[in-house]
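Asks: Okay, here's the prediction I keep looking at, along with the sequence it came from:
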Amino acid sequence: MQRHALGIIAILFLAVGLTLFFKPELFTASESWSGIGMRVGVVLAIIWLAYPHLQTLPPGFLPMIVLCSIVLARFRQLFPIVLVIVVAILILRPRRRDQRPKSQ
């Protein structure tokens, strides 16, 4: 159910963004709101498409991606450092041992 709601919200954001883009007289600051609506709609649509795969990610991965995105939005020159840190965390994180089937 969450995936369907996410898709519907993405379509609504895209529709509002495109409506404000083609009909700027509907809202005084429509240019900025149009861009916001389309960007949010595209990001939500991408998340909607990737939703089944996002459920298999480790629990700490999504907050790490959000934090890295915030840092990169503010300081773009830190991209190489953030990339190395993310790769190091993914490689060096502790992993669970596989459950081996019991021999009978």
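Replies: Yes, it's here.

Asks: Quick check: what element follows the worst-scoring helix or strand of the chain on mean pLDDT along the chain?
Replies: The weakest-scoring helix or strand in the chain, judged by mean pLDDT, DSSP states H and E, is helix 61-74 (a mean of 79). Where DSSP states H and E defines the elements, the next helix or strand beyond helix 61-74 is helix 79-92.

Asks: buried stuff in that following helix?
Replies: Using 16 or more other C-beta atoms under 10 Å as the test for burial, helix 79-92 gives V82. Just so you know, the C-beta spots here come from the backbone N, C-alpha and C atoms, and that holds for glycine as well.

Asks: Over to stretch 33-40?
Replies: Of the residues in stretch 33-40, those buried (16+ other C-beta under 10 Å) are 33-34, 37-38, 40.

Asks: Show me the shaky parts of the protein.
Replies: For the chain, the stretches flagged by pLDDT under 70 are 1, 29-31, 94-104.

Asks: got the domain boundaries for this protein?
Replies: When the chain is parsed with automatic domain parsing, its domains come out as 1-56, 57-93.

Asks: Deepest-packed of those, please.
Replies: domain 1-56 (a mean of 14; mean count of other C-beta atoms under 10 Å).

Asks: Relative to the whole chain's centre, how far out is stretch 72-82?
Replies: Distance of stretch 72-82 from its chain centroid, counting by C-alpha atoms, centre = their mean, to the nearest Å, is 17 Å.

Asks: go on, stretch 32-39?
Replies: 16 Å.

Asks: same check, this time on stretch 26-35
Replies: The mean C-alpha position of stretch 26-35 is separated from the chain mean by 24 Å, C-alpha atoms, centre = their mean.

Asks: hmm, back to that, return the subset of the buried residues of stretch 33-40 lying in strands.
Replies: Judged by DSSP state E, these include no members of strands.

Asks: Of the residues you listed, which belong to helices?
Replies: 33-34, 37-38, 40 (DSSP state H).

Asks: Go through the residues you listed and say which is closest to Q2.
Replies: In terms of C-beta to C-beta, no member of these lies closer to Q2 than V40, at 17.1 Å.
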